[in-house]
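K.L.:
coordinates only, sequence not included:
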C-alpha cells in the first residue's frame with residue numbers, strides 16, 4: 001500500500017522559512033513524480049512544485065525563486081524548502097506522488113501559516 005505523509009508545517013513570520021518533508025512508502029521503485037500542492041481557505045487546491053523521477057523540477061510562478069523541491073530516494077523522502085515566505089503562502093500543503101500510469105497518491109496535509 002502506497003502511503004505519503006507530509007510534515008514540517010507551522011507558524012512563521014513574513015520573510016521566514018520552513019522545510020516541508022514528505023515521507024513515502026509502498027513503491028516498488030523510484031519511477032514516479034512527486035508534487036507539492038497547497039490549498040488556502042476558500043480557494044481551490046493549486047500546484048506549487050513538482051519533481052520528476054529524473055530530478056527535473058518545475059514551480060509555479062508565485063513561488064519561483066523562493067521555493068525549492070527536492071527528493072532523496074535513498075530516504076524515501078521529498079522536501080519543499082520555502083524561503084521568503086509571504087502571508088499569501090498560507091494554506092494546507094499536500095504532497096502527491098504520480099505513477100507512470102498516472103495513478104495519484106495523496107498524503108495528509110500540513111498547515112503552513114505566515115503571519116504579517
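P.N.:
Right, received. Where do you want to start? Treat the numbers as computed from the prediction; the structure is a model and nothing was measured.
K.L.:
where are the low-confidence patches of the chain?
P.N.:
By pLDDT under 70, the chain has no low-scoring segment.
K.L.:
Can you tell me the element the most centrally placed residue in the chain falls in?
P.N.:
In the chain, the residue lying closest to the centroid (CA atoms, centre = their mean) is residue 36, at 2.8 Å. Using DSSP states H and E, residue 36 sits within strand 33-39.
K.L.:
same thing with residue 105?
P.N.:
Assigned by DSSP H and E, residue 105 falls within strand 104-106.
K.L.:
Could you pull out the buried residues of that strand?
P.N.:
Neighbour-count burial for strand 104-106 flags residue 105 (criterion: 16 or more other CB atoms under 10 Å). Just so you know, the C-beta spots here come from the backbone N, C-alpha and C atoms, and that holds for glycine as well.
K.L.:
quick one: contacts of it?
P.N.:
Contacts to strand 104-106, defined as CB atoms under 8 Å, 6 or more residues apart in numbering, come from residues 2, 3, 4, 24, 94, 95, 96, 97, 98, 99.
K.L.:
Provide the strand pairings for the helix or strand just after it, with the direction of each partner.
P.N.:
Going down the chain from strand 104-106, the next helix or strand is strand 110-115, by DSSP H and E. Note on strand 110-115: by DSSP bridges, its sheet partners are strand 10-13 (parallel), strand 91-98 (antiparallel).
K.L.:
C-terminal to the first one, what's the next element?
P.N.:
Same thing as strand 10-13. The C-terminal neighbour of strand 10-13 among helices and strands, as given by DSSP H and E, is strand 18-25.
K.L.:
Run the chain-centre distance for that next one.
P.N.:
On the basis of CA atoms, centre = their mean, to the nearest Å, strand 18-25 sits 7 Å off its chain's mean C-alpha point.
K.L.:
List the pairing partners of it within its sheet, with orientation.
P.N.:
Using DSSP bridges, strand 18-25 pairs in its sheet with strand 3-7 (antiparallel), strand 77-82 (antiparallel).
K.L.:
what's it in contact with?
P.N.:
2-10, 12, 34, 36, 76-82, 85, 93, 95, 97, 105, 107, 110, 112.
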